[in-house]
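Visitor: need the 3D shape of this:
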Amino acid sequence: MLSELDKAYKQKKPVVVTLWNPHWAFNSYKLKYLKDPKAVYGHKESIYYLTRQGFSKQNPQIIKWMNRFQMSDKQLGDLILSIKKSGTTKRNKRMDQSQSKTRPKVDEKVNAKVFRGCLQNPEDSL
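Guide: Predicted coordinates:
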């Protein structure tokens, strides 16, 4: 999809793509949202963080900072674009390899109920 966006953009042809914010594409191209009066693509969402049990008591200053932390979609897009442009380092490749080995073990041990509390409606399925 992004290659089609890039191709059309370079040729100055109209194109419609489904994207979300934050996304680096909004910081690389001059894009605009189409109207969505029926909210087919949903409404504005939020980003939340999770910590382990006891973290807030052990790290109250970090929790205070995390609770006040804010970035606009443009700032997040700039950050994502900066990371994308920086390329993959050897360290990142090693981390990816390590995560691909450990991810199934983590998924196996994590209970979905932990995440259910993060949903706006806890009855929603994951």
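
Visitor: domain parsing for the protein?
Guide: If you go by automatic domain parsing, the domain ranges for the chain are 2-87, 88-126.

Visitor: now do the longest one: distance from first to last residue.
Guide: Counting by CA to CA, to the nearest Å, the length from the leading to the trailing residue of domain 2-87 is 17 Å.

Visitor: returning to what we had before: now the weakest link among the domains of the chain, please, by mean pLDDT.
Guide: Lowest mean pLDDT of these: domain 88-126, a mean of 54.

Visitor: any chance you could map the helices in this structure?
Guide: Using DSSP state H, the helices assigned to the chain run over residues 2-10, 25-28, 55-58, 60-68, 73-86, 90-109, 112-116.

Visitor: count the neighbours of residue 59 for me.
Guide: Residue crowding around residue 59 was assessed by other CB atoms under 10 Å; the count is 13. Placement of C-beta: from N, CA and C, glycine included.

Visitor: any idea how far residue 66 is from it?
Guide: Between residue 59 and residue 66 the distance is 9 Å, computed by CB to CB, to the nearest Å.

Visitor: cool, and residue 50?
Guide: In this structure, residue 50 lies at 11 Å from residue 66, with CB to CB as the measure.

Visitor: who's more crowded, these two?
Guide: Counting neighbours by other CB under 10 Å for residue 50 and for residue 66 shows that residue 66 has the greater number, 13 against 9.

Visitor: list the contacts of that one.
Guide: With CB atoms under 8 Å, 6 or more residues apart in numbering as the criterion, the residues that contact residue 66 are residue 49.

Visitor: can you tell me the closest non-neighbouring residue to residue 8?
Guide: With sequence-adjacent residues excluded and distances taken as CB to CB, 6 or more residues apart in numbering, residue 8 is closest to residue 15, at 3.6 Å.

Visitor: got the contact list for the one you found?
Guide: Under the criterion of CB under 8 Å, 6+ apart, the contact partners of residue 15 comprise 4, 5, 8, 9.

Visitor: what separation do you get for it and residue 76?
Guide: Computed with CB to CB, the distance linking residue 15 and residue 76 is 23 Å.
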